[in-house]
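Undergrad: Based on what follows, work out the 3D shape:
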Amino acid sequence: VVTMGSLKHRNLVPLLGYCRRKGELLLVSEYMSNGSLDRYLFHREKPPLSWSKRLAILKDIASALNYLHTGASQVVLHRDIKASNVMLDSDFNGRLGDFGMARFEDYGDSVPVTAAVGTMGYMAPELTTMGTSTRTDVYGFGAFMLEVTCGRRPLDPKIPDEKRHLIKWVCDCWRSDSLFDAIDTKLGGEYSEEEVEMVLKLGLLCTNVVAESRPSMEQVVQYINKNLPLP
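TA: Numbering: from 1, shown residues only. Sure thing, here's the model as predicted:
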C-alpha cells in the first residue's frame, strides 16, 4: 500500500488512503466523475467517444504504463489492463486504476513464475509457462488498443467464431488488406485513416505471440506519439 501511495503520475488514479474493515483492506481512490472507459465503449446510455478522444486516452494509458515500468521506485506490473480498469476524469483524461493484481519488483530482479492472473483475452500466451513481465503488460495494452479502436472486447462468446477472438480477427483483416473493416462502426467514418492504421498495427505488434518481438512501453509511447515510425 505504501508503494502504491508513492506512485505519482497524471494518468494514474490517485490513491488517497486505506482502511481495514473486518479483515479486509479497503483502498480509497480519488473520485473519477466520468466513470470507466468501458461504459462509453459498450453501454448504449453513454454517447460514443470520438476518435480524437479515444486516441488521447490511449496515449494517456501508454504514458502511465511506461511510468510504471520505468519511472517508479520499483517496476510495477499492472497485469490487468483493460477498458473497465481505465477511469475518466472530469476532462476525459484516461487514468489507469485497479492495482488489485499488480506486482512490485525491484529493477533487475527476475520475477518468479506464479499462477497466471488477469482477464481472458488480454493475457499473453506465455503467462502460464514464463510468468509475468513488462512484456505481458505490453500484450495487455495491445489488446486494450484494439478494444478501444474496434469497440469490441478481446474475447466475445456472443459473436461468430471467426470474429470471436479480437486479436486474431484484426490480424486476419490486416492480412486480407481490409484492416479498416475492424474499426468501431459507432465512429461513423469520422477518424484519421493514418492514425487508425497506426494504432491497429501497433496493437498487433504489442500482441505478437513472441514476447521478445514486442516493443517496450517506452517504444510504444514513441510510436503512438509519432516520434518514431512503426518498424
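
Undergrad: Tell me where the model's unsure across the chain.
TA: By pLDDT under 70, the low-scoring segments of the chain are 1-3, 109-116.

Undergrad: Buried by neighbour count: which residues of the top helix by length along it qualify?
TA: Once the chain is assigned using DSSP state H, the helix that runs over the most residues is helix 51-70. Within helix 51-70, the residues that count as buried by 16 or more other C-beta atoms under 10 Å are 51, 53-55, 57-69. Heads up, the C-betas are built off the backbone N, CA and C, glycines and all.

Undergrad: now do stretch 24-39
TA: Neighbour counts using 16+ other C-beta under 10 Å place 27, 29, 32, 34, 36-38 of stretch 24-39 among the buried residues.

Undergrad: just how off-centre is stretch 53-61 within its chain?
TA: The chain centre lies 10 Å from the centre of stretch 53-61; the measure is C-alpha atoms, centre = their mean, to the nearest Å.

Undergrad: In CSV, list the C-alpha atoms belonging to that stretch.
TA: Output of stretch 53-61 as CSV, limited to C-alpha atoms (Å, rounded to 0.1, in the frame of the first residue of the first chain):
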residue,chain,number,x,y,z
LYS,A,53,-10.7,11.3,-27.5
ARG,A,54,-10.0,7.6,-27.9
LEU,A,55,-6.5,8.2,-29.2
ALA,A,56,-5.9,10.7,-26.4
ILE,A,57,-6.9,8.1,-23.9
LEU,A,58,-4.6,5.5,-25.4
LYS,A,59,-1.7,8.0,-25.2
ASP,A,60,-2.6,8.7,-21.6
ILE,A,61,-2.6,5.0,-20.6
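
Undergrad: Pretty sure residue 4 sits against residue 15.
TA: Yes - with contact defined as C-beta atoms under 8 Å, residue 4 reaches residue 15; the gap is 5.3 Å.

Undergrad: okay, and the common contacts of those two?
TA: Common neighbours of residue 4 and residue 15 (criterion: C-beta atoms under 8 Å, 6 or more residues apart in numbering): residue 27.

Undergrad: The residue nearest the centre of the chain - nearest residue in space that isn't next to it in sequence?
TA: Centroid-nearest residue in the chain, with C-alpha atoms, centre = their mean: residue 141, separated by 3.3 Å. Once flanking residues are discounted, residue 141 sits nearest to residue 81: 5.3 Å by C-beta to C-beta, 6 or more residues apart in numbering.

Undergrad: SS state for the one you found?
TA: Here residue 81 is coil, with the state taken from DSSP: H, G, I helix; E, B strand; the rest coil.

Undergrad: That one: neighbouring residues, count only.
TA: For residue 81, the tally of surrounding residues (other C-beta atoms under 10 Å) stands at 26.

Undergrad: What of residue 50?
TA: Neighbour tally, residue 50, other C-beta under 10 Å: 14.
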